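Asks: No sequence on hand, only this structure:
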């Protein structure tokens with residue numbers, strides 16, 4: 001048995017001013033691809049030979065440039081053309097919210113072009129993200145599709161393993177069938193859809209129960225990626241039947257699942273205390289002990305924002321912290337970082353303005369303080385530490401500032417460890433993210449979501465969108481679910 005595998009993934013934020021370019025992707029070919037796909041061991045343990053294509057991934061950011069997409073797609077298609085007559089199945093890890101200039105859905109385009117080469121009978125399975133924006137025709141190109149069942153995403157490996165095992169079972173059946181998908185007229189920000197809270201907790205439990213039915217192989221919900229303005233940006237559900245004879249059952253089950261979720265639409269709400277920027281600092285100072293984590297939710301690079309906003313920096317520097325230390329990790333300002341690197345050394349007193357000044361949310365803020373150190377920011381990816389960028393750490397009175405030369409979100413303790421900082425030493429820790437990631441929840445005396453402006457504004461607004469299918473809830477409260 002020979003299985004072609006690959007990983008081509010990107011979560012695109014169409015409101016970000018920074019396009020995603022080819023050189024920004026982590027890219028591997030050949031045998032390295034097998035090592036980068038953790039679910040690959042399922043095929044190897046079944047005695048399958050793996051045919052690698054590529055591993056190409058970029059952290060969430062702006063729309064993918066057309067030339068970047070075509071470069072990676074052509075790499076994949078070259079292998080597909082060469083191997084198409086000697087394959088038993090195809091497995092891909094995709095995000096589901098890749099948006100490509102002049103093309104649209106990267107996932108749909110890739111699967112369509114692969115289908116054109118291998119034909120209708122080749123089994124194709126996709127492990128996907130929870131925050132997918134699925135094209136209407138995508139299920140007709142796939143035989144198996146499943147999204148993560150956690151937010152924050154801690155089941156990446158498990159999801160791949162489940163999809164891989166189902167692909168092996170599908171190949172053994174020798175039949176042709178496809179998932180049944182239904183679209184809900186609803187858009188959800190991820191911070192209102194966390195698996196530890198209702199209603200998503202109950203919805204995910206319901207999915208596990210559905211999969212106990214003989215007729216259903218996989219039941220999945222895709223929350224959507226709310227900051228990608230496209231006609232396919234909505235919540236969707238998909239049911240993969242366990243055999244061709246259950247195709248009608250899957251279609252009925254998908255509609256029932258959509259209706260089940262639709263009835264809970266008013267229950268999705270923030271999973272933490274949500275306050276304006278200044279109010280979040282004032283509330284944090286009221287807390288007797290720290291660290292209080294404040295999420296700069298409107299500028300969340302883990303959902304593709306630019307990471308340049310200075311709104312929280314201004315709120316901290318304007319406040320009287322009365323000796324309570326705060327840190328911002330981090331602010332993306334390449335020019336400020338280069339200025340410090342070229343003109344100063346650790347221990348120097350420095351005065352500069354921090355802020356990329358690309359819009360009103362990134363207006364420069366003047367600071368004076370001590371340059372503590374330079375360093376590399378390291379983050380984990382599939383169990384390995386990789387360099388995320390460079391930084392300069394400043395101490396400006398009661399506020400420490402990590403100035404980075406790349407936009408990023410500190411999603412784990414390894415980020416802080418790499419810059420020589422312990423968040424427990426601060427009363428206030430400002431992170432550029434939405435929901436707080438698991439490393440920080442146990443140490444947080446309080447978690448506040450600052451409702452800041454930016455590319456990932458949690459209070460989604462009607463005027464931001466031009467391409468969404470309308471009517472859509474909650475922008476259109478009277479939207480109705482129809483089949």
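Replies: Sure, I can see it. In this text the structure is predicted, and so the values were computed from the model without any measurement. Numbers count the residues shown, from 1 in each chain.
Asks: where exactly do the strands run in the stretch 1-150 of the chain?
Replies: Counting by DSSP state E, counting those that start in this stretch, the stretch 1-150 of the chain has strands at residues 2-9, 26-29, 49-57, 89-93, 99-100, 104-105, 124-128, 144-147.
Asks: Export those strands as CSV, with columns for distance to residue 220, mean neighbour count and mean pLDDT.
Replies: Where C-beta positions appear, they are placed from N, C-alpha and C, glycine not excepted. Below are these laid out as CSV (distance: least, CB to CB, whole Å; neighbours: other CB atoms under 10 Å; pLDDT from 0 to 100):
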stretch, distance to residue 220, mean neighbour count, mean pLDDT
strand 2-9, 17, 23, 98
strand 26-29, 26, 16, 95
strand 49-57, 21, 21, 98
strand 89-93, 15, 25, 98
strand 99-100, 21, 26, 98
strand 104-105, 17, 21, 98
strand 124-128, 8, 26, 98
strand 144-147, 5, 27, 98
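Asks: Out of those, which is closest to residue 63?
Replies: Ranking the strands of the stretch 1-150 of the chain by their distance to residue 63 (criterion: CB to CB) puts strand 99-100 first, at 5.2 Å.
Asks: contact partners of that closest one?
Replies: 12, 14, 63-66, 69, 105-106, 109, 133, 228, 230 (CB atoms under 8 Å, 6 or more residues apart in numbering).
Asks: ok, residue 209 - how many residues close by?
Replies: By other CB atoms under 10 Å, the residues close to residue 209 number 11.
Asks: Distance check, it against residue 107.
Replies: 28 Å (CB to CB, to the nearest Å).
Asks: next one: residue 408
Replies: In terms of CB to CB, residue 408 sits 24 Å off from residue 107.
Asks: Also residue 66?
Replies: 15 Å.
Asks: Residue 310 is nearest to which of the strands of the stretch 1-150 of the chain?
Replies: strand 99-100 (26.9 Å).
Asks: in stretch 287-305, what's buried?
Replies: Across stretch 287-305, burial judged by 16 or more other CB atoms under 10 Å covers 290-305.
Asks: cool, stretch 153-170 as well?
Replies: Quick answer for stretch 153-170 (16+ other CB under 10 Å): 153, 155-156, 159-168, 170.
Asks: nearest to residue 463, of those?
Replies: residue 153 (30.2 Å).
Asks: right, and that closest one touches residue 128 too?
Replies: No - using CB atoms under 8 Å, residue 153 is not in contact with residue 128, being 11.0 Å away.
Asks: Hmm, residue 89 is touching residue 46, no?
Replies: No - assessed by CB under 8 Å, residue 89 is found out of contact with residue 46, at 11.0 Å.
Asks: list the residues that contact both of the two?
Replies: 1, 168.
Asks: Put together a markdown table for the buried residues of stretch 153-170, with distance to residue 375, secondary structure and pLDDT on each row.
Replies: Output for the buried residues of stretch 153-170, formatted as a markdown table (distance: CB to CB, whole Å; DSSP: H, G, I helix; E, B strand; the rest coil; pLDDT from 0 to 100):
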| residue | distance to residue 375 | secondary structure | pLDDT |
| --- | --- | --- | --- |
| 153 | 27 | coil | 90 |
| 155 | 32 | coil | 92 |
| 156 | 28 | helix | 93 |
| 159 | 34 | helix | 97 |
| 160 | 33 | helix | 98 |
| 161 | 36 | helix | 98 |
| 162 | 39 | helix | 98 |
| 163 | 38 | helix | 98 |
| 164 | 38 | helix | 98 |
| 165 | 42 | helix | 98 |
| 166 | 44 | helix | 98 |
| 167 | 43 | helix | 98 |
| 168 | 45 | helix | 98 |
| 170 | 48 | helix | 98 |
